[in-house]
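> 3D, please:
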Amino acid sequence: MEINIYYVLGVVIVLYLVITVYNKKKSTRRRSRTFMEGYQRKERKSRKSPETDKKDQ
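Now for the predicted structure:
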């Protein structure tokens, strides 16, 4: 029964390491911005909202 604790801890550590490596790869990809290469922004409406009018004054 005591050895089961080590198995559970080992699985948790392996899962933690896998998730950490996966997140690190995703953040590196996000920082490089190559994933947005073909992205085009939508044009904004020409009419200003009341909030932006207050900021301009």
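> for this structure, which helix is longest?
helix 2-32 (DSSP state H).
> for that one, packing partners?
Helices and strands touching helix 2-32, by 3 or more C-beta pairs under 8 Å, 6 or more residues apart in numbering; DSSP states H and E: there are none. Where you see a C-beta, it was placed from the backbone N, CA and C, and this is true even at glycine.
> list the buried ones in it?
Buried residues in helix 2-32, defined by neighbour count with 16 or more other C-beta atoms under 10 Å: none.
> got a list of what residue 4 touches?
Counting by C-beta atoms under 8 Å, 6 or more residues apart in numbering, residue 4 touches no other residue.
> show the pLDDT at it.
Per-residue confidence at residue 4 stands at 92 (pLDDT).
> how close does it get to residue 44?
Look at residue 4 and residue 44: by C-beta to C-beta, to the nearest Å, they are 59 Å apart.
> CA-only coordinates of stretch 17-30 in CSV, if you can.
What follows is stretch 17-30, C-alpha atoms only, in CSV (Å, rounded to 0.1, in the frame of the first residue of the first chain):
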residue,chain,number,x,y,z
LEU,A,17,6.5,18.3,-16.6
VAL,A,18,4.5,17.5,-19.7
ILE,A,19,2.1,20.4,-19.2
THR,A,20,5.0,22.8,-18.4
VAL,A,21,6.9,21.9,-21.6
TYR,A,22,3.7,22.2,-23.6
ASN,A,23,2.9,25.7,-22.2
LYS,A,24,6.5,26.8,-22.8
LYS,A,25,6.3,25.9,-26.4
LYS,A,26,3.0,27.7,-26.8
SER,A,27,4.3,30.9,-25.2
THR,A,28,7.4,30.8,-27.4
ARG,A,29,5.2,30.4,-30.5
ARG,A,30,3.0,33.3,-29.2
